[in-house]
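# Provided below are the primary sequence and the corresponding predicted coordinates.
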Amino acid sequence: MRIGVFGGTFDPVHIGHLAVAVAARHALALDRVLLVVANVPWQKAGTRPLTPAEDRYAVVDAAVADLDGIEASRIELDRGGPSYTVETLEALRADGHPDLFLVLGADAAANLHTWVRADDVPALAELVVVPRPGSAPPAGMRTLDVPHLDVSSSDLRARVVDGRPLDVLVPAAALRLIRERGLYAG
Ligand code: ATP
Ligand code: MG
């Protein structure tokens, strides 16, 4: 079983994340791509209000419902506490999944050295970077060809505040859930 691990805060998930997951699954011949929702994104906590992890997870789950082989993962929610990718990779391996591919946007890849136990990560998963407008992928890292979509959760949150639509940028089922739960209401 070849598994892609694509972690994030997903606050909220958007078309950029989904395009990455679909492209990675195809290009790397992955059986499954896990969108691993951070429980406590410790590098973001305290810098801005975060949507509760269970809500972020539910919205990701709705967003991937129609996508073959792409799944929302609650592994970091169930573990609790701050979310360290190294621990997630170790848990997946301990669960019998040694064939892991860690998918990172270019900005996340450039930031990898600041992660907890960053030096342990390359031995646990093959690192794969996807381009992201505004960030150069680190030299020497395997890079995937993905449409460059200049979309971010930060920009989407700003759009909601002044009433601009998120249609298409967030899949319809996920957007319905956002409305039902009154998330990002500003
Ligand atoms: P925020 O603006 O709140 O930081 P974000 O859009 O960057 O949100 P994250 O949850 O921080 O989303 O990112 C999760 C992962 O998805 C990271 O590896 C990030 O680089 C990647 N990513 C996010 N948006 C894109 C995009 N448009 N294209 C490629 N990769 C992306
Ligand atoms: Mg980000």
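Done, it's in. Ligands and ions are numbered 1, 2, ... in the order given.

# so Val103 is in which element?
Using DSSP states H and E, Val103 falls within strand 100-105.

# could you give the mean pLDDT of the helix or strand just after that strand?
Using DSSP H and E, the helix or strand that follows strand 100-105 towards the C-terminus is helix 106-111. The pLDDT scores in helix 106-111 average 95.

# residues of stretch 120-130 that come out buried?
The neighbour-count check on stretch 120-130 (16 or more other C-beta atoms under 10 Å) flags 121, 124-125, 127-130 as buried. All C-beta atoms are positioned from the backbone trio N, CA, C, and that covers glycine.

# got the contact list for that stretch?
4-5, 20, 23-24, 28, 85-86, 89-90, 93, 100-106, 109, 112, 115, 137-138, 141-144, 146 (C-beta atoms under 8 Å, 6 or more residues apart in numbering).

# Intersect those residues with the contacts of ligand 1.
Near ligand 1, judged by C-beta under 6 Å from any ligand atom, the entries from those are 20, 104-105.

# residues in contact with the residue of the chain at minimum distance from ligand 1?
The chain approaches ligand 1 most closely through Gly105 (1.8 Å), counting by C-beta to the nearest ligand atom. Going by C-beta under 8 Å, 6+ apart, Gly105 touches 20, 129-130, 132, 135.

# Distance to Ala53 added to the buried residues of stretch 120-130, as a markdown table?
Output for the buried residues of stretch 120-130, formatted as a markdown table (distance: C-beta to C-beta, whole Å):
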| residue | distance to Ala53 |
| --- | --- |
| Val121 | 22 |
| Leu124 | 23 |
| Ala125 | 22 |
| Leu127 | 25 |
| Val128 | 25 |
| Val129 | 25 |
| Val130 | 24 |
